[in-house]
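Peer 1: Provided below for reference: sequence and predicted model.
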Amino acid sequence: MDAIETERLVLRGFRKTDAADLFAYLKQPVASCFLSLKLDSLDAAEAEAEKRSQSGENIAVCLKDTGQMIGDLFAMDEGDTFGVGWNFNPDFGGQGYAFEAARALFDDLLTVRNVRRLYAYVEDHNAASRRLCERLGMREEGLFVEYVSFTSDANGDPIYENTMQYAILRKEWLASSLARSGPRQD
């Protein structure tokens, strides 16, 4: 992918050298949907960073001034629709980086690549991701009750989570103030 720059960030493809930064937040994932991505060692992080460098779906989010990777985005191509998501190092939370990065990705997908529709799945208890979806202009499309399990209880029985789906159409993005004030620094 071509790099996308915002005021404070660079969105780019993964590199093997991103392993330590990736390990920093995947050694103990915060969101339950990322538990399956948990990394147990720096060697595992190197393998994961290498794997992600081969995929166009994974996007490293880096601080512009230092180059440090602070999180990642994904965009799964399904033709005229993309599934999107984000995972950030909690040490960088509360500073607007996830919004800035996702907004830049949305702008690229919806205005540059002319994707018709974006959607995201979010566990109903993940208030931060739900707020991010809403700040990005996504609308809640549905709630899947006891949709998926990422963990088990003490007896080994799955603990099912409710999952919300959010989405936005290109025409909704183009009509929004987010698109008109775009984050790109071209």
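Peer 2: Received, thanks.
Peer 1: C-alpha only now, for contacts and for neighbours.
Peer 2: OK.
Peer 1: helix, strand or coil: sort out Leu109 for me.
Peer 2: At Leu109 the chain is in helix, as set by DSSP: H, G, I helix; E, B strand; the rest coil.
Peer 1: again but with Asn155, I slipped
Peer 2: coil.
Peer 1: if I pick it, what's in contact with it?
Peer 2: If a contact means Cα atoms under 8 Å, 6 or more residues apart in numbering, then Asn155 has no contacts.
Peer 1: phi first, then psi, for it.
Peer 2: phi -90, psi 0 (degrees, to the nearest 10).
Peer 1: what does the one 4 residues further on give?
Peer 2: Phi and psi for Ile159, reported as degrees, to the nearest 10, are phi -100, psi 110.
Peer 1: and for it, the neighbour number?
Peer 2: 12 (other Cα atoms under 10 Å).
Peer 1: over to Arg52?
Peer 2: 19.
Peer 1: how near is it to Gly13?
Peer 2: 8 Å (Cα to Cα, to the nearest Å).
Peer 1: shared neighbours of these two, which are they?
Peer 2: With Cα under 8 Å, 6+ apart as the test, Arg52 and Gly13 both reach Asn58.
Peer 1: which strands and helices lie in contact with the biggest strand by length in the chain?
Peer 2: For the chain, the strand with the greatest residue count under DSSP state E is strand 139-152. With contacts taken as 3 or more Cα pairs under 8 Å, 6 or more residues apart in numbering; DSSP states H and E, strand 139-152 sits against strand 158-169.
Peer 1: run the angle between the strand it packs on and strand 139-152 for me.
Peer 2: 160 degrees (axes from the mean of the first three to the mean of the last three Cα atoms, to 10 degrees).
Peer 1: and strand 158-169, how far out from the chain middle?
Peer 2: Its chain's C-alpha centre and that of strand 158-169 lie 14 Å apart, by Cα atoms, centre = their mean, to the nearest Å.
Peer 1: which other helices and strands contact the very next helix or strand once past that strand?
Peer 2: Where DSSP states H and E defines the elements, the next helix or strand beyond strand 158-169 is helix 170-175. Taking 3+ Cα pairs under 8 Å, 6+ apart as contact, there are no helices or strands that helix 170-175 lies on.
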